[in-house]
Every structure is written in structure tokens, then in C-alpha cells.
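A.B. asks: pasting the structure only:
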């Protein structure tokens, strides 16, 4: 149990450290979009979506990979695409390309509509 808590704390710390560049690109549009939310790029649609982290999830069920790139957060599928899991994400924190105990699992739905530029 103690090892699991340490692993989760380490994973959370890594996610925060890796997400800081992405969080710096939060969307502060003055039109109809929300303010101060994380932006996620959906590669299959070529659109950006606002998002907000709602909480950690246990490693149970299906998760979609959310990648942290030099340009911010991105994923392959978004709302309306087969393969979009409603914002159930996993981040490959330990870098082994496998969903396992060393990774982060959380709920962070994409909020529509998408838009062309961050």
C-alpha cells in the first residue's frame, strides 16, 4: 500500500511537471470559450478543444492516450470520433508505452466546439 501511494505521488508530480508547458498555453479567449482551461489538440480533426481536469481515476476500464508534446497536449481522437472515450485519459509517465501501474489515469473531458487556432 505504501509503495502504491509513493508511486501515485511520483506520477502526479511528473504529470504536473510535464503539463506546465501545456498549461501555459491555456485558452483565454474572450468569445464564447471558457477562460483558464487547458487546451488539447485533436490530430484526427485538426482542432483544439478546451478541457478541464476533473480528477484521477483508478486503472480500470478503457483509456485513451494523452500525449505531452513541445506544442502542448494532444490526442488522436476527439468528440464525435470512434475511439474517443469521453475524456478518460492515460499518460505514459514511465515511458514504456504500456498502460500500467506507473502511469497516470484521469478524467478530463474535451469541451466543444473545437476551434482552428489555440
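C.D. replies: Looks like it came in fine. Keep in mind that this is a model prediction, so the values were computed, not measured.
A.B. asks: Now stretch 91-107: buried residues?
C.D. replies: For stretch 91-107, the neighbour count (16 or more other Cβ atoms under 10 Å) marks 91-94, 102-107 as buried. No exception for glycine: its C-beta is placed from N, CA and C like everyone else's.
A.B. asks: Give me the mean pLDDT for it.
C.D. replies: Mean pLDDT, computed over stretch 91-107, is 94.
A.B. asks: Check stretch 49-56 too.
C.D. replies: 92.
A.B. asks: count of neighbours near residue 84?
C.D. replies: Residue 84 has 19 neighbours, counted by other Cβ atoms under 10 Å.
A.B. asks: again, but for the one 5 residues further on
C.D. replies: Other residues lying near residue 89 total 24 when counted by other Cβ under 10 Å.
A.B. asks: where in this structure is pLDDT low?
C.D. replies: Within the chain, the segments meeting pLDDT under 70 span 1-36.
A.B. asks: what are the ranges of the helices in it?
C.D. replies: 2-23 (DSSP state H).
A.B. asks: about what we covered before: give me the subset of the buried residues of stretch 91-107 that lies in strands.
C.D. replies: Among the buried residues of stretch 91-107, the ones falling in strands (DSSP state E) are 91, 104-107.
A.B. asks: Just give me the closest of the buried residues of stretch 91-107 to residue 85.
C.D. replies: The shortest approach to residue 85 among the buried residues of stretch 91-107 belongs to residue 107, at 10.0 Å (Cβ to Cβ).
A.B. asks: now that closest one, nearest residue through space, not along the chain?
C.D. replies: Closest residue to residue 107 in three dimensions, ignoring its sequence neighbours and counting by Cβ to Cβ, 6 or more residues apart in numbering: residue 54, at 4.4 Å.
A.B. asks: Kindly report the same for residue 85.
C.D. replies: In space, and not counting its chain neighbours, residue 85 is closest to residue 64: 4.6 Å by Cβ to Cβ, 6+ apart.
A.B. asks: Just confirm that neighbour contacts residue 84, I think it does.
C.D. replies: Yes - with contact defined as Cβ atoms under 8 Å, residue 64 reaches residue 84; the gap is 6.8 Å.
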